[in-house]
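Q: need the 3D shape of this:
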Amino acid sequence: MDTNKINFPTSFPKQHQSEKPGVEFSMNPRPVYEHEAYKHGNRLEGKVAIITGGDSGIGRAVAIAYAKEGADVAVMYYKEHQDAEETKNLVEKQGRRCLLISGDIANEEFCKSSVKEVINKLGKINILVNNAGEHYPQSGIENVTKDQLIRTFEVNVFSVFYMTKAVIPHMTEGDSIINTVSITAYAGNEELIDYSSSKGALVTFTRSMALSLATKKIRVNAVAPGSIWTPLIVASFSENKVSTFGSDAAMGRAGQPVELAPSYVFLASNDASYMTGEVLHVNGGKMVTT
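A: Numbering: from 1, shown residues only. Here you go, the predicted structure:
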């Protein structure tokens with residue numbers, strides 16, 4: 001087998017729209033979270049990372065990659081217990097500890113208590129990955145209700161404020177915060193107006209916090225994914241949209257979670273020691289203005 005060549009799906013069959021966004025077992029094909037072509041070292045040896053939304057999708061791929069690089073991982077997730085247990089097994093397979101914490105990150109008290117639990121059980125926090133997010137496609141702004149707008153910003157933006165505030169007292173020089181933003185923050189999206197707006201807010205948050213924490217030598221960066229094959233896609237879009245998902249990228253296909261993970265490893269490691277306030281674009285060749 002040629003481990004230097006990776007073949008990822010270029011199209012997806014029509015499939016049932018899941019009523020449970022976190023349950024991916026009916027996805028065809030299932031997302032790719034790890035691949036032997038990626039060679040890992042010990043760039044995060046001895047570190048502890050918190051990953052919100054780490055039960056599946058991009059978060060799971062990052063959790064696995066961090067474990068392979070030597071980090072213990074705390075996975076924060078909503079209600080997707082089956083997905084979370086699978087992620088835990090995959091992390092522990094690498095010989096690292098994995099702490100699962102279930103709850104709603106839109107609640108500040110939950111964020112605070114989760115950070116305390118990580119400190120109590122894993123001893124420290126070196127990396128925070130603010131990855132959890134939700135989106136609800138609508139045909140126009142007139143269909144975006146007040147409740148939807150509030151929920152989108154509570155999960156996608158407020159939680160990032162809460163988690164960042166809670167971890168900063170426990171971080172020291174060389175530690176890092178990484179936010180998951182989106183190509184929609186730069187290119188927009190006619191069906192994801194509130195979601196795109198929330199991700200735009202996170203870009204500004206990333207740059208502002210990088211300046212705020214520079215004197216403490218805590219780095220704050222972000223990754224902006226393009227079209228990535230995750231459970232959120234099947235849960236959100238119609239069968240027709242799912243079947244052609246990612247085909248408009250220059251590379252002609254959707255990305256896989258495993259293709260995002262190296263960017264998060266890089267930003268968390270000493271390899272990115274002179275990077276802060278930056279956004280890495282992993283989107284299959286869609287040109288954006290940064």
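Q: can you give me the strands in the stretch 51-200 of the chain?
A: Along the stretch 51-200 of the chain, the segments classed as strands by DSSP state E, counting those that start in this stretch run 72-77, 98-102, 127-130, 176-180.
Q: pipe the ones you listed into TSV and attach distance to residue 200 and mean neighbour count per row.
A: C-beta here means a position set from N, CA and C on the backbone, and glycine is covered the same way. Listed next are the strands of the stretch 51-200 of the chain as TSV, based on distance: least, C-beta to C-beta, whole Å; neighbours: other C-beta atoms under 10 Å:
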stretch	distance to residue 200	mean neighbour count
strand 72-77	23	27
strand 98-102	28	19
strand 127-130	15	28
strand 176-180	12	26
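Q: how about these in TSV, adding mean pLDDT and distance to residue 215?
A: As requested, these are exported to TSV (pLDDT from 0 to 100; distance: least, C-beta to C-beta, whole Å):
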stretch	mean pLDDT	distance to residue 215
strand 72-77	98	27
strand 98-102	98	30
strand 127-130	98	18
strand 176-180	98	15
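Q: which one, of the ones you listed, ends up nearest to residue 33?
A: For residue 33, the closest of these is strand 72-77, at 13.1 Å, according to C-beta to C-beta.
Q: just checking, what packs against that closest one?
A: Applying 3 or more C-beta pairs under 8 Å, 6 or more residues apart in numbering; DSSP states H and E, one finds that strand 72-77 makes contact with strand 48-52, helix 57-68, helix 81-92, strand 98-102, helix 108-122.
Q: distance to residue 198 for the strands of the stretch 51-200 of the chain - can I get that in TSV?
A: Written out in TSV, the entries for these read as follows (distance: least, C-beta to C-beta, whole Å):
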stretch	distance to residue 198
strand 72-77	18
strand 98-102	23
strand 127-130	12
strand 176-180	11
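Q: now for these, which one comes closest to residue 170?
A: Minimum separation from residue 170 across the strands of the stretch 51-200 of the chain (C-beta to C-beta) falls at strand 127-130, 9.6 Å.
Q: let's see the closest one as CSV, backbone CA atoms only.
A: C-alpha atoms of strand 127-130 as CSV (Å, rounded to 0.1, in the frame of the first residue of the first chain):
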residue,chain,number,x,y,z
ILE,A,127,-4.3,24.5,24.5
LEU,A,128,-7.9,25.6,24.0
VAL,A,129,-9.5,24.8,20.7
ASN,A,130,-12.8,26.7,20.3
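Q: ok, residues contacting that strand?
A: Applying C-beta atoms under 8 Å, 6 or more residues apart in numbering, the contact partners of strand 127-130 are 44, 47-52, 54, 59, 62, 66, 71, 159-160, 163-164, 167, 171, 175-180, 202, 264, 268.
Q: quick check: residue 250 touching residue 284?
A: Yes - here residue 250 lies in contact with residue 284, judged by C-beta atoms under 8 Å, at a distance of 6.1 Å.
Q: comparing these two, which residue is more hemmed in?
A: For the pair residue 250 and residue 284, the greater number of neighbours falls to residue 284 (20 against 11), based on other C-beta atoms under 10 Å.
Q: tell me who's in contact with the more buried one.
A: Residues counted as contacts of residue 284 (C-beta under 8 Å, 6+ apart) are 226-227, 246, 249-255.
Q: now with 7 Å, please.
A: Residue 284 is in contact with 226-227, 246, 249-251, 253, 255, counting by C-beta atoms under 7 Å, 6 or more residues apart in numbering.
Q: any chance of a ChimeraX selection covering the buried ones in these?
A: The command below creates a ChimeraX selection of those among the contacts of residue 284 that count as buried (16 or more other C-beta atoms under 10 Å):
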select :226,227,246,249,251,253,255
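Q: closest one of the contacts of residue 284 to residue 147?
A: With C-beta to C-beta as the yardstick, the closest approach to residue 147 among the contacts of residue 284 comes from residue 227, at 27.2 Å.
Q: for that closest one, give me its contacts.
A: Contacts for residue 227 were tallied using C-beta under 7 Å, 6+ apart; they are 245-246, 249, 254-255, 284.
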